[in-house]
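> sharing a model prediction with you, sequence too.
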Amino acid sequence: MRPAKQILPLIVFSQFCCTSLWFAGNAVMPELYLNFNLNKEALGHLTSAVQFGFITGTLIFAFLSLADRFSPSKLFFISAVFGAIFNLGIILDNNNLNSLLLLRFFTGFSLAGIYPVGMKIAADYYDKGLGKSLGYLVGALVLGTAFPHFLKTFTGTEELPWRLVIIATSLFALLGGLLILLFVPNGPFRKAKGKFKFNAIFKAFNNKPLRSAAFGYFGHMWELYTFWAFVPVILTAYKLSFPTSDFNISLWSFVIIGIGGVSCVLGGYISKHLGVKKTASIALLLSGVCCLLFPLIFLETSATILLIFLCFWGITVVADSPLFSTLIANNAVAENKGTVLTIVNSIGFVITIVNLQLINYLHQVAPVYSLSLLSLGPAFGLWRIIKKSK
């Protein structure tokens, strides 16, 4: 078996490759509008389809305890293969909104065997220092999510190039799955679960520290994916409002989302000095402030100020994600760790769908001010954390 220090880079790179499937459709959304005659509300619907697929997958994985009962590496590989196939379906000429929704749903379903299972694999290798390890892992998720936007910067307006973004992300997913299958065996701290216990999930939430961390995570998720989904929308709207502004929307979408990957890693190191809960709380507070300040910054005529502000928001919006996952993993019993991580992820993504649809609707009415409602998530998360601390 390879040493744990060699395993982490493999898990991180594989996670990066596979999670590029997540926002592959969002990166080419303008082309999907044109090629398949979609309306502007399709952004929220297609993004929610991925989230709904992920939720469905995580619920099935959790209630069957797949990550605890079977080899997580094999589960990761199988999920990567199916995710790549469903993602590739986007390039077919005869697609319409319904077929795209179905393809994105099954892509999200496949991601249920990638993101939380990747965290489970890391937890099986790192009994100590899990916060730092998950920081790298969630950082890989963030970069993977942003990566399609980076690929989009190299495409033109012709029919073929945008399809190359989809093809490339599918190939990356296959590569990531193969690396896990071939080079990452079951970890030394893995405890296989012999049979499924229906009440194991519900018993886990009787644990007060775990429940506090989960509520903090839920508040964080209210904000995160809606912000990511709307970054290109924000930048496009700003260029329309201020035509003299000159920046590449796809490139800056990649930077704003992707920079959060760095903060995930740094958050893991900072938490070693400040503590995991305190570091997560600070990140949650700062991102909540960004939600409230956004309308004022957007109405400024300086594109530089907007881009700097969005980069800072991109840093704070996700820095707490691996920290909450660490708190949840550390407070879950070993034989149910994979199941608990999966079910908490599932509930978190239910929240993202509700908020995506809400903001998608309100954005049509009050485009500048609708995103301020994202602050409700950080406020709730902080309230639950503070309440637990007293």
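Great, that's in hand. Numbers count the residues shown, from 1 in each chain.

> C-alpha from now on. contacts and neighbour counts both.
Noted.

> give me the neighbour count for A168.
Applying other Cα atoms under 10 Å, we find 19 residues neighbouring A168.

> and it, how close does it get to F13?
15 Å (Cα to Cα, to the nearest Å).

> now do Y33
For Y33, the distance to F13 - Cα to Cα - is 32 Å.

> which of these two has more residues huddled nearby?
Applying other Cα under 10 Å to Y33 and F13 shows that F13 carries more neighbours, namely 20 against 15.

> host element of the more buried one?
In this assignment (DSSP states H and E), F13 forms part of helix 4-19.

> what about that helix, distance to the chain center?
Relative to the centre of its chain, helix 4-19 is centred 16 Å away, using Cα atoms, centre = their mean, to the nearest Å.

> again with stretch 49-64
The answer for stretch 49-64 is 14 Å, by Cα atoms, centre = their mean.

> so for that stretch, mean pLDDT?
Averaging pLDDT along stretch 49-64 gives 88.

> ditto for stretch 175-194
81.

> need the helices for the stretch 1-150 of the chain, in chain order.
All helices of the stretch 1-150 of the chain, identified by DSSP state H, counting those that start in this stretch, fall at 4-19, 24-27, 29-36, 42-63, 66-69, 72-88, 97-111, 115-125, 130-152.

> the lengthiest helix in the chain vs helix 130-152, what angle?
For the chain, the helix reaching the highest residue count under DSSP state H is reported as helix 208-241. Interaxial angle, helix 208-241 versus helix 130-152 (axes from the mean of the first three to the mean of the last three Cα atoms, to 10 degrees): 20 degrees.

> picking that back up, would you mark the buried spots in the helix holding F13?
7-8, 10-19 (16 or more other Cα atoms under 10 Å).

> re the thing from before, now the longest helix of the chain, how far from the chain's geometric center?
10 Å.

> against which helices or strands is it packed?
Secondary-structure packing of helix 208-241 (3 or more Cα pairs under 8 Å, 6 or more residues apart in numbering; DSSP states H and E): helix 249-274, helix 303-319, helix 321-331, helix 337-365, helix 376-389.

> okay, now the unreliable bits of the stretch 251-390 of the chain?
334-339, 388-390 (pLDDT under 70).

> ok, now with 80
Residue ranges of the stretch 251-390 of the chain with pLDDT under 80: 329, 332-343, 345, 387-390.

> list the buried residues for the helix or strand hosting L296?
Using DSSP H and E, L296 falls within helix 276-298. Buried positions in helix 276-298, judged by neighbour count with 16+ other Cα under 10 Å: 276-281, 283-295, 297-298.

> let me know the outermost residue of this protein.
Relative to the mean C-alpha coordinate of the chain, counting by Cα atoms, centre = their mean, the farthest residue is T244 (32.9 Å).

> SS state for that residue?
coil (DSSP: H, G, I helix; E, B strand; the rest coil).

> the chain should start at 273 in everything you say after this.
Sure, I'll start counting at 273 from here, so that last one is T516.

> show the pLDDT at it.
Value for T516, per-residue pLDDT: 90.

> also P275?
P275 is given a pLDDT of 51.

> before we move on, the earlier item: let's have the helices of the stretch 273-422 of the chain in a markdown table, adding distance to H492.
Shown next, in a markdown table, are the helices of the stretch 273-422 of the chain (distance: least, Cα to Cα, whole Å):
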| stretch | distance to H492 |
| --- | --- |
| helix 276-291 | 19 |
| helix 296-299 | 21 |
| helix 301-308 | 25 |
| helix 314-335 | 15 |
| helix 338-341 | 24 |
| helix 344-360 | 25 |
| helix 369-383 | 20 |
| helix 387-397 | 17 |
| helix 402-424 | 14 |
